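Colleague: Any chance you can model this:
(2 chains)
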There are 2 protein chains.
Amino acid sequence: MEEQELAKIEHTGKQRVVIVGGGFGGLELAKSLRNVDVQVVLVDKQNYHTFQPLMYQVATAGLEAADIVSPFRKILEGQDNLSFRMAEVVCVNTETQVVETSIGLIPYDFLVVATGATTNYFGDEQMARHAIAIKSVEDAVALRNTVLSNFEKALQIGDDEQLNSLLDFVIVGGGPTGVEVAGALSELRKHVFPKDYREIDFRQMDIHLIQSGDVLLKGMSAEASQKALEYLQKFGVNVMLERRVKSYDGYTVTLNTGEKLITRTLIWAAGVAGAPIDGIRPESLRKGGRYEVNAHNQVAGYSNIFAVGDIAAMLSPEYPEGHPMVAQPAIQQGRLLASNLERLIRKQPLQPFHYDDKGAMATIGRNHAVADVKLLGKEWKTQGFFAWVMWALVHVIALVEFRNRLTVFANWMWNYFSQNTGLRYIMGGRREPIPTPKASEPAS
Amino acid sequence: MEEQELAKIEHTGKQRVVIVGGGFGGLELAKSLRNVDVQVVLVDKQNYHTFQPLMYQVATAGLEAADIVSPFRKILEGQDNLSFRMAEVVCVNTETQVVETSIGLIPYDFLVVATGATTNYFGDEQMARHAIAIKSVEDAVALRNTVLSNFEKALQIGDDEQLNSLLDFVIVGGGPTGVEVAGALSELRKHVFPKDYREIDFRQMDIHLIQSGDVLLKGMSAEASQKALEYLQKFGVNVMLERRVKSYDGYTVTLNTGEKLITRTLIWAAGVAGAPIDGIRPESLRKGGRYEVNAHNQVAGYSNIFAVGDIAAMLSPEYPEGHPMVAQPAIQQGRLLASNLERLIRKQPLQPFHYDDKGAMATIGRNHAVADVKLLGKEWKTQGFFAWVMWALVHVIALVEFRNRLTVFANWMWNYFSQNTGLRYIMGGRREPIPTPKASEPAS
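Modeller: All right, here's what the predicted structure looks like:
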């Protein structure tokens, strides 16, 4: 580490806040520091922010990748106290207060870890090798390519089991992502795929959703869970509750009940874990790879290292495991941390974080969503068309850039009325040729 | 070849026309055969048609890849006599009348080669290794990623020569693609990049356009060539006429005059050659890899093998080298060949091809284009704003799908008025990390 050179970032003489990760928490913090008398350095391995809640729509051909990403340099245009650097973080030296990155060393006065979460396969290496996760836009594009390539391959198959291995999909995890992907696939099966592949009998295409617990959308209201189940069943999704996947070899899924499913496409939406950084004391890490933070988002054991969002576990009687790993806690923590950093510099006392829970929503398909909204101290539960319109509005408004709001809205209107999304090309990501699969040979 | 199985395509009992390649010629032919009493099999290695004339805008962050591609299955929806297959063609056996592909053997009664053209480096392997061409959408995305990554890297550079190697661009070839890329880069340099990279002095960014002949846009009118040169010079592009590139090692460009330029990004727009298929007699190939065809697009030496578009060289007194390798001859040949195939089946005499030349256009930048339009037997030459509006209209209208027309139009309006395209993310294609380049070491 001693040999590496400093990254070239002008030293402004201000105290320097280095933010690692430009997800919801890191980006909100960076923006909120606009008028604070510090130098902000935002580091991300991508040059764009991703609006994760709509990633599943990229995976299911409803939106284009460009619709849900925004370049950091554009979002933060004109913020004079900020430098963005596209770089991978290698580790941190908390003694010398330096972040080691692919572009060199970046010294800090305050370090904010906003690295988010990554897919958690709970140590199952075979699963990690064969399953598809949707954690980045590129993952989402790869899943879309896989789905479409499967059908191109299926055209060449005579054998029934082989055919089903390509047409059937298994989704593991009954949280919002699993439910939304299952719903979106069922809509494509109904409206889009049969037009494209007249030679395939889509009654043979099965969509299985496997959930370990006894309800979907755990954490939402009983009404939401129940309606989500009903909607999925109405759309022809085979929801299998209280099942776990024991193993998957790229072809056969074995459940803990002994049941077997055949598929070449298993979508893993069953768990995420924090993405910690080397060099921060591992004693601060809790189960699930999240840093334990106090009410000021300070990482346990440090006074100048903070964590916000998915990577932070702020324990409280109400949230004994930390806040849910979704956008709102990250955004709210990022915003508060900006003002706390200002207070720290002015040697004022810090303010504790209070989570303003606005509720949760999930969409299952056209005109069908479930929502538990917390508003004015009351909880409103609604399901169906109204929830769906609300879901769509909230997500369009929440998009970071005006341009994206326009394109997402336009795309949705188009898809809604034409029932014929145009985004059915196989490009980038997984680009294997379309060979004839050999009989009873796993896809690995 | 004997061992391979047949691709699974239902045999309808009709005579089968196999079209290899879904560019302008192949697609137009496929669509025009809609009501002809044959079975049509369209084979392409992609599942989408690409609108090539706007590909340079994808490379220069003006349009999204999705805006200029259309899935074949969507374009050809409801055409009952057609099957599309995504497959790579290996070779043809003209004796047994079978095309060997990655999905198996496809027998034909009539074969149409519409494989288009590919980049021609004229045998210079070093150039092929280091230069960037724009022949596919994925190439275009890779070029965009390279341009943006260069600037991210440039932020870390102190050394002046190193800095210029990243900021400077050399474009080889003064045809429409070269001119359009040079113009688009100069606009980004003026309006977009300085906002994103405040730490870079963009007066250091040079754009060199190298043309072997003494005019740009050879083949267009003298007025168009002259104005294109003036516009580019006004936009600050260094146009170097009557120069050839002798060598390029990934860092230093050496010209035939002995002049040297330093760049890590050389864009090759200097030549294309036909993309022939193995198994068709090589005696039918002419210089530039194009099949010699008669006025009915029959490949010399065959009665049931045809070629249309860039891959076909139809020699005539007016076009001694064949037609220009652009969209219009391909489309018109595809359309005529459909009616000639119908005539062939009905044992009627075939009709000869007559090229209806509608002229040529090229855009240099915002409000600046040149056009030579042939209309009602007259040639109209115009340059500047009116040509630019006409260029935009013609290209929007020519797009294959209504949806693309909308998105391209909307994108252009947005870019025109905001002067701030949003498509500045680095995704897919070239995804190397951003390291600190070592002093005076070529990028290879």
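Colleague: just the helices in the stretch 151-300 of chain A please.
Modeller: Using DSSP state H, counting those that start in this stretch, the helices found in the stretch 151-300 of chain A span residues A:160-167, A:176-187, A:193-196, A:222-234.
Colleague: Name the stretch among these that sits most buried.
Modeller: Highest mean neighbour count of these: helix A:176-187, a mean of 25 (counted as mean count of other C-beta atoms under 10 Å in any protein chain shown). C-beta here means a position set from N, CA and C on the backbone, and glycine is covered the same way.
Colleague: confidence score at the residue in the stretch 101-250 of chain A positioned nearest to chain B?
Modeller: Closest approach of the stretch 101-250 of chain A to chain B (C-beta to the nearest C-beta) occurs at A:Asp196, with a separation of 4.0 Å. For A:Asp196, the pLDDT comes out at 91.
Colleague: And for A:Ala443?
Modeller: pLDDT for A:Ala443: 39.
Colleague: repeat for A:Gly428
Modeller: So, for A:Gly428, pLDDT stands at 70.
Colleague: before we move on, back to that, you'd agree the residue of the stretch 101-250 of chain A closest to chain B is up against A:Tyr425?
Modeller: No - between A:Asp196 and A:Tyr425 there is no contact under C-beta atoms under 8 Å: 11.5 Å.
Colleague: Give me the common contacts of the two.
Modeller: B:Pro71 (C-beta atoms under 8 Å, 6 or more residues apart in numbering or on different chains).
Colleague: ok, back up a step: tell me the secondary structure at the nearest residue to the residue of the stretch 101-250 of chain A closest to chain B once chain neighbours are set aside.
Modeller: Using C-beta to C-beta, 6 or more residues apart in numbering or on different chains and skipping the chain neighbours, the partner closest in space to A:Asp196 is B:Arg73 (4.0 Å). When the structure is split into helix, strand and coil by DSSP: H, G, I helix; E, B strand; the rest coil, B:Arg73 lands in helix.
Colleague: With A:Met55 instead?
Modeller: Taking three-state DSSP, the label given to A:Met55 is helix.
Colleague: distance between stretch A:250-266 and the chain's centre?
Modeller: Between the centre of stretch A:250-266 and the centre of its host chain there is 24 Å, according to C-alpha atoms, centre = their mean, to the nearest Å.
Colleague: I'd like the average pLDDT over it.
Modeller: When pLDDT is averaged over stretch A:250-266, the result is 96.
Colleague: circling back to that earlier point, do you know which of the helices of the stretch 151-300 of chain A lies nearest A:Gly25?
Modeller: Nearest to A:Gly25 among those is helix A:176-187 (18.6 Å), distances taken as C-beta to C-beta.
Colleague: for that closest one, packing partners?
Modeller: Taking 3 or more C-beta pairs under 8 Å, 6 or more residues apart in numbering or on different chains; DSSP states H and E as the contact definition, the neighbouring helices and strands of helix A:176-187 are helix A:55-59, strand A:169-172, strand A:207-210, helix A:222-234, strand A:359-365.
Colleague: Of all the ones you listed, which one is nearest B:Ser303?
Modeller: Closest approach to B:Ser303 among the helices and strands packed on helix A:176-187 is made by strand A:169-172 (47.7 Å; C-beta to C-beta).
Colleague: and the closest one, C-alpha only, in PDB?
Modeller: Coordinates of each C-alpha in strand A:169-172 appear next as PDB, following Å, rounded to 0.1, in the frame of the first residue of the first chain:
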ATOM      1  CA  PHE A 169     -38.600 -20.600 -14.900                       C
ATOM      2  CA  VAL A 170     -38.000 -21.100 -11.200                       C
ATOM      3  CA  ILE A 171     -37.900 -18.000  -9.100                       C
ATOM      4  CA  VAL A 172     -36.500 -18.400  -5.600                       C
END
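Colleague: Tell me which residues touch the nearest residue to A:Val253 once chain neighbours are set aside, please.
Modeller: Leaving aside its chain neighbours, A:Val253 sits nearest to A:Leu261 (4.3 Å; criterion: C-beta to C-beta, 6+ apart). The neighbourhood of A:Leu261, defined by C-beta under 8 Å, 6+ apart, consists of A:Asp168, A:Val170, A:His208, A:Thr252, A:Val253, A:Leu255.
Colleague: got a markdown table for the helices and strands packed on helix A:176-187, with mean pLDDT and distance to A:Ile19 too?
Modeller: Supplementary listing: the helices and strands packed on helix A:176-187 in a markdown table, determined by pLDDT from 0 to 100; distance: least, C-beta to C-beta, whole Å:
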| stretch | mean pLDDT | distance to A:Ile19 |
| --- | --- | --- |
| helix A:55-59 | 91 | 22 |
| strand A:169-172 | 98 | 33 |
| strand A:207-210 | 98 | 37 |
| helix A:222-234 | 97 | 34 |
| strand A:359-365 | 93 | 27 |
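Colleague: Would you convert the ones you listed into TSV that also reports distance to B:Thr118?
Modeller: Listed next are the helices and strands packed on helix A:176-187 as TSV, based on distance: least, C-beta to C-beta, whole Å:
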stretch	distance to B:Thr118
helix A:55-59	31
strand A:169-172	37
strand A:207-210	40
helix A:222-234	47
strand A:359-365	43
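Colleague: Show me the one of the ones you listed that comes nearest A:Arg346.
Modeller: A:Arg346 lies closest to strand A:359-365 among the helices and strands packed on helix A:176-187, at 34.9 Å (C-beta to C-beta).
Colleague: Tell me which residues are up against the closest one.
Modeller: For strand A:359-365, the surrounding residues in contact (C-beta under 8 Å, 6+ apart) are A:176, A:179-180, A:183-184, A:186-187, A:217, A:219-220, A:224, A:228, A:231-232, A:235, A:324, A:326, A:369-375, A:379-380, A:387-388, A:390-392, A:394.
Colleague: Also stretch A:181-191?
Modeller: Residues outside stretch A:181-191 that contact it (C-beta under 8 Å, 6+ apart) are A:56-57, A:59-62, A:134, A:147, A:169, A:171, A:202, A:205, A:207, A:209, A:231-232, A:235-237, A:239, A:267, A:269, A:363-366, A:368, A:419-420.
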